[in-house]
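[1] only geometry, no sequence info:
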């Protein structure tokens, strides 16, 4: 199993919670942490934006990334949501086993 952490930003804590609940319910993620109060500064459509956002930290398996990404895209308020994955190089074996069990259908 190739575990990944997926980072997703959302425009509000409510939107983040809605997405998190849905992807955990559908077993596309074993766990989602929501970090509120982040500030994102980025360029969008030719201008610099400075926005408050919430960050979802999603623990899942690489093979579920496409389905997860599609689900998030369909639920998200942004035209181009941030959905990026980082490989888990090492992890506590019991946790990784749990992650695998919780994302198996």
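    Done, it's in. What you are looking at is a predicted structure, and each value in this text was computed from that prediction instead of being measured.
[2] check contacts around residue 3.
    59-62, 87-88, 91, 96, 99-100 (CB atoms under 8 Å, 6 or more residues apart in numbering). Just so you know, the C-beta spots here come from the backbone N, C-alpha and C atoms, and that holds for glycine as well.
[3] one more: residue 103?
    Taking CB under 8 Å, 6+ apart, we find residue 103 in contact with 27-30, 60-61, 64.
[4] what values do phi and psi take at it?
    phi -110, psi 10 (degrees, to the nearest 10).
[5] so how far is residue 66 from the closest residue in space to residue 1 that isn't next to it in sequence?
    Closest residue to residue 1 in three dimensions, ignoring its sequence neighbours and counting by CB to CB, 6 or more residues apart in numbering: residue 100, at 4.9 Å. Distance from residue 100 to residue 66, counting by CB to CB, to the nearest Å: 18 Å.
[6] which one of those two has more residues nearby?
    residue 100 (14 against 9; other CB atoms under 10 Å).
[7] ok, the more buried one - contacts?
    Residues in contact with residue 100 (CB under 8 Å, 6+ apart) are 1, 3, 61.
[8] pLDDT value on the residue nearest to residue 1, please?
    On pLDDT, residue 100 comes in at 96.
[9] the strand or helix carrying it: which residues count as buried?
    In this assignment (DSSP states H and E), residue 100 forms part of helix 93-102. Under the neighbour-count criterion of 16 or more other CB atoms under 10 Å, helix 93-102 has 96, 99 buried.
[10] check which helices and strands the longest helix seen in the chain sits against.
    Secondary structure of the chain per DSSP state H: the longest helix is helix 13-25. Helices and strands touching helix 13-25, as assessed by 3 or more CB pairs under 8 Å, 6 or more residues apart in numbering; DSSP states H and E, comprise strand 3-10, strand 31-44, strand 47-61, helix 65-75.
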